[in-house]
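Asker: sequence unknown, structure follows:
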């Protein structure tokens, strides 16, 4: 039995393994000493004897101990442990940087320096919390992504190596053989219906999540803000243009169809024209945008202590944080949306995109024909006649210059305080906008736009309104999941507004 302190209680692990409880998927992994294989707790194979089982807190820990991933339950499909990959804790920021490929171009010492830690201290923290060193986590992440591409797509193995971040096919083959005791080609040959084939422009990947997941509510939120030409949201899916003017593509996210034998806790990601080198980043963006690594039970355990939030969590236990595709895009839309309705902000932003966005022609994507303008374009763009006051135009200029110069940004590894302080230093950006950007652009689980009027009115049930200071004080008990409380309260306010239309509407309440 592994002694890593971050594992759930051993009796909980045992019950979850035997019952195949999907709520624990990704929170631990089961390794079977008699076979040398490690599995997700939801593995459909007959459960092994307890005497042969060890538990590990991460796939990297199991692989570091010499175990290989199960070909049946496929550990690469498990959602990440959101408790460790999100928020301001050092390990969360380190994992966010690793997920963005930081260690592909930097040594572990550089990662430690970025986090203001010593290298030995960072290694010790990783081993204590995740059971593996930072480089082991990085390599396992790349290999499992490669395994998913080998299993679910017909990409040539050279392109799989590129997509997974390996510098050469030789290095990829060696790493895969060393970790899994088979060559990538052997794995592909062992899978029926996945013979090697020429590169194709369309891929389908399965993205797992931990239930419950309210996909309909996620689509509702995104639909109210969808930009014509850039995005499309229907009753079953979200689609958008991705890439750049030289290599545009598009994607669609929908529910994974469940077989008759049972429910599949995953979304279906279609990728069209996305270059192999952009696949890992695209998947990470989608996972963040649709909040696929959240742990609903951990969130509910904190927020349900508040009597105002308890019934909301009971009614909508699968509500997630709807993040955005691109940070600059969210920032521009947030500034445009200051003190106007969601519909008005969308109309003005649509004018901006039609005037300055790059037109693209995409096969099989009717209605998707524009890329959102980049910072360099917006910095020189003519913004007159869009319906924006001069002060807001000045703010848009300031944020595009800030992004270009690097004084503000959306990269991983920032704390919430660092992020909001940098953004509030820009003219026209106040605490509400900075916190809103943390919520929507970073998907930060503890962001709290306390100046939001809808939130201030949504917490009391007697028709009164809290001040921003009172709301912050009330929300201290919601840490580190204040962002989820925000989404629940916004959703509740929106449903109440539909039932009894109010006179006020802000960016927050649709």
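Answerer: Structure received. Here the structure is a predicted model, which is why all the values come from computation and not from measurement.

Asker: what's the next secondary structure element after the worst-scoring helix or strand of the chain on mean pLDDT?
Answerer: Here the helix or strand of the chain ranked lowest by mean pLDDT, DSSP states H and E is helix 82-85, holding a mean of 75. Remark: after helix 82-85, the chain's next helix or strand is helix 90-99, criterion DSSP states H and E.

Asker: Helix or strand next in line after that next one, which one?
Answerer: For helix 90-99, the succeeding helix or strand toward the C-terminus, using DSSP H and E, is helix 102-105.

Asker: packing partners for that next one?
Answerer: Using 3 or more Cβ pairs under 8 Å, 6 or more residues apart in numbering; DSSP states H and E as the contact test, the elements touching helix 102-105 are helix 108-114, helix 134-152. (Each C-beta comes from the backbone N, C-alpha and C, glycine too.)

Asker: Sketch out the low-pLDDT regions of the chain for me.
Answerer: Residues of the chain meeting the criterion pLDDT under 70: 1-5, 192-201, 260-261, 501-510.

Asker: hey, where'd the strands end up in it?
Answerer: Applying DSSP state E to the chain gives strands spanning 29-32, 37-39, 53-56, 68-69, 202-208, 231-233, 237-243, 248-255, 266-272, 358-359, 370-371.

Asker: Can I get those strands in CSV including distance to residue 45 and mean neighbour count?
Answerer: CSV is the format used below for the strands of the chain (distance: least, Cβ to Cβ, whole Å; neighbours: other Cβ atoms under 10 Å):
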stretch, distance to residue 45, mean neighbour count
strand 29-32, 9, 26
strand 37-39, 7, 24
strand 53-56, 12, 20
strand 68-69, 13, 20
strand 202-208, 17, 19
strand 231-233, 38, 20
strand 237-243, 32, 22
strand 248-255, 26, 21
strand 266-272, 19, 20
strand 358-359, 49, 14
strand 370-371, 45, 20
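
Asker: Dump those strands to a markdown table, plus distance to residue 81.
Answerer: Shown next, in a markdown table, are the strands of the chain (distance: least, Cβ to Cβ, whole Å):
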| stretch | distance to residue 81 |
| --- | --- |
| strand 29-32 | 10 |
| strand 37-39 | 15 |
| strand 53-56 | 12 |
| strand 68-69 | 17 |
| strand 202-208 | 12 |
| strand 231-233 | 29 |
| strand 237-243 | 25 |
| strand 248-255 | 22 |
| strand 266-272 | 17 |
| strand 358-359 | 38 |
| strand 370-371 | 34 |
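
Asker: out of those strands, nearest to residue 215?
Answerer: strand 248-255 (5.7 Å; Cβ to Cβ).

Asker: Check the offset of that closest one from the chain's centre.
Answerer: Relative to its chain's centre, strand 248-255 lies at 15 Å (Cα atoms, centre = their mean, to the nearest Å).

Asker: on that earlier part again, so which of the strands of the chain is nearest residue 23?
Answerer: Set against residue 23 and scored by Cβ to Cβ, those come closest in strand 202-208, at 12.6 Å.

Asker: Packing partners of that closest one?
Answerer: Applying 3+ Cβ pairs under 8 Å, 6+ apart, one finds that strand 202-208 contacts helix 134-152, strand 266-272, helix 279-289.

Asker: Make JSON lines out of those and add distance to residue 453.
Answerer: Formatted as JSON lines, the helices and strands packed on strand 202-208 follow (distance: least, Cβ to Cβ, whole Å):
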{"stretch": "helix 134-152", "distance to residue 453": "41"}
{"stretch": "strand 266-272", "distance to residue 453": "33"}
{"stretch": "helix 279-289", "distance to residue 453": "26"}
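
Asker: mind checking which of those is nearest residue 162?
Answerer: Nearest of the helices and strands packed on strand 202-208 to residue 162, taken as Cβ to Cβ: helix 279-289 at 8.7 Å.

Asker: got the contact list for that closest one?
Answerer: Helix 279-289 is contacted from outside by 80, 99-101, 142, 145, 149, 163-165, 203, 205, 207, 242, 251, 253, 267, 269, 271, 274, 292-293, 322-325, 443, using Cβ atoms under 8 Å, 6 or more residues apart in numbering.

Asker: now that helix: how far from the chain's centre is it?
Answerer: Taking the mean of its C-alpha atoms, helix 279-289 sits 7 Å from the chain's own mean (Cα atoms, centre = their mean).
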